[in-house]
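> Prediction below, plus the sequence it came from.
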Amino acid sequence: MQEKKSFLKQKIDWESPNKNIVPITTSIGSDGKLWIGGCSIEELVEKYNSPLYILDEITLRNSCRAYKKALEKYYPGKSLPIYASKANSSIFMSNLISSEGLGLDAVSEGELLTALKGGVPNEKIVFHGNNKSDKEIEFAVRNNVKVIVDNDYDLERLEEISTSFNHDLEIMIRFTPGIECHTHEYIRTGSFDSKFGFGIEYLNNLFDRISNTERLKLKGLHAHIGSQIFELEPHNDLGEIMVNVILDAKKFGHDIQELNVGGGLGIKYTENDDPPSIDEWVKTISTSVVKACEKNNLDLPTLMCEPGRSIVSTAGITIYKIGAFKKIPGIRTYLSVDGGMSDNPRPITYQSNYSACLVSNPLNNNSKSKYTIAGKHCESGDVLFKEIELADCNTGDLICVFGTGAYNNSMSSNYNRIPRPAALLVCDGEAEIIQKRESPSDLLKYDVLPDRFIKQN
Ligand code: LLP
């Protein structure tokens, strides 16, 4: 029987990193071990310890460029890819995104602040949220950031705050286009039953209301139908639906100049995943908007999209060290690592699957065994892999999990008071810290013991 080719031997797609399991610069060194960005992972762990998040700069930049290039190729009007920073927000990511000319989507004051500190120009930032606080809105208004209005309450607050600041505010409105797509229920957002956005049937009423406000200037429309989507059809439908809404808005005197079609393009986490390329995705949405505009004799609006996962996920890996083994004869062998659900909550939250290998034996040479990889948290469900085939391994060996750049660090927690890992950037044989490792004493920083308890003890 022919041996199945390891995912590490598959041809790398340089143009569309979301079609690879591994970062573009992944290699097997002359030592037979795993290297990324020209760096030996084993050496990085010796220096920076584990668990360790690592981002590959070339993969990140290629993903950004793929969006820019495809928009320029397929969309004759103006366009701007906007990175959804919830996927991985840091001063470094904001800086890199901005150096590639992308905009950024933020959903909290924290993400906004990070974007501004990272050097993203305010005119390229959009501010989302279904329950923005007054303080967050004021922060956005003061920094002249475009706000995406999600609901009536949001609109009321924005109207009041922009009037009190005597400040004209550019807004976009988010609506639910009624598109179903096949993805996990928790990350599906475009169907009518969603907590985000105005129902499409309510839009005419809304356009009328906005016409009667003093300071709100309706610039654009936004819709996002879900995440980790492999189908192209929903985005083809979305383009046409959005253009029809431009026509409705016209009847109320609004000249919509921007369409933001959200993000959602899936990535290849395992060999069973086959997402479309960035080029195909952008082509679909661009063609659909262009066709619908031509049909209705409309000038092309600026086309924006908001990819998160497909920009950063494949660029990221997480390295863990193996500790305890527990063999349950006839059932399974648990292998426990030094991280888990606090640095990657996706398996326990969405039953997500990943690919992994041993750093010292990436191609699984020699004998193989099946393992269950457990995290170190006090929770039976803290399992990163229910069953995975790896080369025989021992305590102290390192495991590399691929595709962890998105929604791992950004969704991490300190459950069980476990400090967050450090994050590194690798490129051309150099590794640089982009996030310092937390220590247990860092976690005490915000604890307060009221005076009377201090006296008691
Ligand atoms: N725009 C909006 C308004 C969004 O809500 C999202 C993701 C994006 C853009 C980016 O979508 P992407 O290109 O990353 O699919 N934590 C979940 C994913 C939640 C996605 C939330 N919204 C996960 O780990 O799978």
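Right, received. Where do you want to start?

> so how many other residues sit close to Leu363?
Neighbourhood size, Leu363 [other Cβ atoms under 10 Å]: 16. In this view, the C-beta of every residue, glycine as well, is placed from N, C-alpha and C.

> what's near enough to touch it?
Shown in contact with Leu363 (Cβ atoms under 8 Å, 6 or more residues apart in numbering): 6, 8-9, 28, 357.

> The same query, at a cut-off of 6 Å, please.
Ser6 (Cβ atoms under 6 Å, 6 or more residues apart in numbering).

> Please apply the same query to Arg437.
Ala422 are the contacts of Arg437 under Cβ under 6 Å, 6+ apart.

> One more pass at 7 Å, please.
49, 419, 421-422 (Cβ atoms under 7 Å, 6 or more residues apart in numbering).

> just Phe207 next, same as before
248-249, 252, 254.

> which one of those has the most neighbours?
Using other Cβ under 10 Å as the neighbour criterion, Ala249 leads the contacts of Phe207 with 22 neighbours.

> Touching, that one and Glu258? I think so.
No - contact criterion Cβ atoms under 7 Å: Ala249 and Glu258 do not qualify, at 11.6 Å.

> The most centrally placed residue in the chain and Arg65, how far apart?
Per Cα atoms, centre = their mean, the C-alpha nearest to the average position across the chain is that of Ala87, at 2.3 Å. Here Ala87 is placed at a distance of 17 Å from Arg65 (Cβ to Cβ, to the nearest Å).

> which parts of the longest strand seen in the chain are buried?
For the chain, the longest strand by residue count, based on DSSP state E, is strand 316-328. Of the residues in strand 316-328, those buried under the neighbour-count criterion (16 or more other Cβ atoms under 10 Å) are 316-322.

> Quick check: Asp168 touching Glu214?
No - between Asp168 and Glu214 there is no contact under Cβ under 7 Å: 8.7 Å.

> Can you spell out the domain ranges of the chain, please?
Recorded structural domains for the chain (assignment: automatic domain parsing) are 7-56+315-443, 58-312.

> With distance to the ligand and mean pLDDT added, can I get those domains in TSV?
Shown next, in TSV, are the domains of the chain (distance: least, Cβ to the nearest ligand atom, whole Å; pLDDT from 0 to 100):
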stretch	distance to the ligand	mean pLDDT
domain 7-56+315-443	3	97
domain 58-312	3	95
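
> TSV please, covering those and showing distance to Lys455.
Formatted as TSV, the domains of the chain follow (distance: least, Cβ to Cβ, whole Å):
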stretch	distance to Lys455
domain 7-56+315-443	24
domain 58-312	35
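
> The stretch 151-300 of the chain: strands as residue ranges?
169-176, 198-199, 216-222, 258-260 (DSSP state E, counting those that start in this stretch).

> Can you say which of those strands is nearest to Gly429?
strand 258-260 (38.6 Å; Cβ to Cβ).

> packing partners for that closest one?
strand 216-222, strand 302-305 (3 or more Cβ pairs under 7 Å, 6 or more residues apart in numbering; DSSP states H and E).

> who touches that strand?
172, 219-222, 242, 289, 301-304, 306.

> Quick check: closest non-adjacent residue to Glu258.
Spatial nearest neighbour of Glu258, chain neighbours left out: Gly220 (3.1 Å); criterion: Cβ to Cβ, 6 or more residues apart in numbering.

> Tell me the bridge partners for the one you found.
Beta-bridge pairing for Gly220 (DSSP bridges): Met172, Glu258.

> start the count at 300, not 1, going forward
Taking 300 as the first residue, the last one we looked at is Gly519.

> Hmm, Val560 and it touching each other?
No - counting by Cβ under 7 Å, Gly519 does not reach Val560; the two are 10.7 Å apart.

> In terms of helices and strands, where is Leu379?
Per DSSP states H and E: Leu379 is located in strand 378-383.

> who does that strand touch, helix- and strand-wise?
Looks like strand 378-383 contacts helix 356-373, strand 402-405, strand 601-604 (3+ Cβ pairs under 7 Å, 6+ apart).

> what's the distance between the longest one and the middle of its chain?
Shown here is helix 356-373, whose average C-alpha point lies 16 Å from the average C-alpha point of the whole chain (Cα atoms, centre = their mean, to the nearest Å).

> Which of Asp467 and Glu513 has more residues huddled nearby?
Asp467 (12 against 9).

> Excluding chain neighbours, what is closest to the more buried one?
Counting by Cβ to Cβ, 6+ apart, Asp467 lies nearest to Arg514, which is 5.3 Å off, once chain neighbours are set aside.

> next structured bit after the longest strand of the chain?
As assigned by DSSP H and E, the chain's next helix or strand after strand 615-627 is strand 631-636.

> For that next one, give me every contacting residue.
With Cβ under 7 Å, 6+ apart as the criterion, strand 631-636 contacts 619-626, 668, 670-675, 698.

> again, but for stretch 692-705
320-321, 333, 340-341, 344, 349, 352, 354, 386-387, 566, 568, 607-608, 611-622, 624, 636, 643, 653-659, 672, 683.

> likewise stretch 362-373?
So stretch 362-373 is contacted by 314-316, 378, 380, 396, 399-401, 577-578, 581-582, 585-586, 602, 606, 609-610, 614 (Cβ under 7 Å, 6+ apart).

> which ones among the residues you listed are found in helices?
Mapping the contacts of stretch 362-373 onto helices (DSSP state H) picks out 396, 577-578, 581-582, 585-586, 609-610.
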